[in-house]
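Trainee: Whatever this is, show me its structure:
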Amino acid sequence: QVQLVESGGGSVQAGGSLRLSCAASGRTFSNYALGWFRQVPGKEREFVAAISWSDNTSYSDSVKGRFTISRDGAKSTVYLQMNSLKPEDTAVYFCAHLRAGPMFLISSYDYWGQGTQVTVSS
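Mentor: Reported below is the predicted structural model:
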């Protein structure tokens, strides 16, 4: 089993930056991939970014060039650096463990964190 705890959310003005963290425990961190998703009330959870055990990364078109995903094996933590934030980035952001399958598919993930709120004001 994998436990995931997100942190780093908050409120920021458009154009600002935030860094989200996802602390993982329960399995050998170096062996698995993690992803970030986000969800707005009334809408489906959507893929944001993911990083594999070999540091391959994937991003949604909506965040490519603005967000960067990275991992720190020593801290068993994955980060999501979010720059040039826009009001449409406002959502609850979730960290998830990739079980198998394409990184952009929500069905590929089995363990999820509790989420952290990001609010971007114009």
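Trainee: Run through the residues that contact the residue most central in space within the chain.
Mentor: If you average the C-alpha coordinates of the chain and look for the closest C-alpha using Cα atoms, centre = their mean, you land on Trp36, 2.3 Å from that point. Residues in contact with Trp36, defined by Cβ atoms under 8 Å, 6 or more residues apart in numbering, are Leu20, Cys22, Val48, Ala49, Ala50, Ile69, Val78, Leu80, Tyr93, Phe94, Cys95, Ala96. From N, CA and C alone the C-beta is placed, and that goes for glycine too.
Trainee: Next one, pLDDT for the nearest residue to Gly35 once chain neighbours are set aside please.
Mentor: Setting aside the residues directly before and after it, Gly35 is nearest to Ala50 in space (Cβ to Cβ, 6 or more residues apart in numbering), at 3.5 Å. Here, the pLDDT recorded for Ala50 equals 98.
Trainee: Report how many residues lie close to Ala50.
Mentor: Close neighbours of Ala50, defined as other Cβ atoms under 10 Å, add up to 24.
Trainee: Is it bridged to anything, and to what?
Mentor: Ala50 has the following beta-bridge partners by DSSP bridges: Gly35, Ser58.
Trainee: quick one: it and Gly101 touch, right?
Mentor: No. Here Ala50 lies out of contact with Gly101, judged by Cβ atoms under 8 Å, at a distance of 11.0 Å.
Trainee: rewinding a little: reformat the contacts of Trp36 as JSON lines; add distance to Ser107 and secondary structure.
Mentor: Output for those, formatted as JSON lines (distance: Cβ to Cβ, whole Å; DSSP: H, G, I helix; E, B strand; the rest coil):
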{"residue": "Leu20", "distance to Ser107": "23", "secondary structure": "strand"}
{"residue": "Cys22", "distance to Ser107": "20", "secondary structure": "strand"}
{"residue": "Val48", "distance to Ser107": "16", "secondary structure": "strand"}
{"residue": "Ala49", "distance to Ser107": "17", "secondary structure": "strand"}
{"residue": "Ala50", "distance to Ser107": "13", "secondary structure": "strand"}
{"residue": "Ile69", "distance to Ser107": "20", "secondary structure": "strand"}
{"residue": "Val78", "distance to Ser107": "20", "secondary structure": "strand"}
{"residue": "Leu80", "distance to Ser107": "21", "secondary structure": "strand"}
{"residue": "Tyr93", "distance to Ser107": "19", "secondary structure": "strand"}
{"residue": "Phe94", "distance to Ser107": "14", "secondary structure": "strand"}
{"residue": "Cys95", "distance to Ser107": "17", "secondary structure": "strand"}
{"residue": "Ala96", "distance to Ser107": "11", "secondary structure": "strand"}
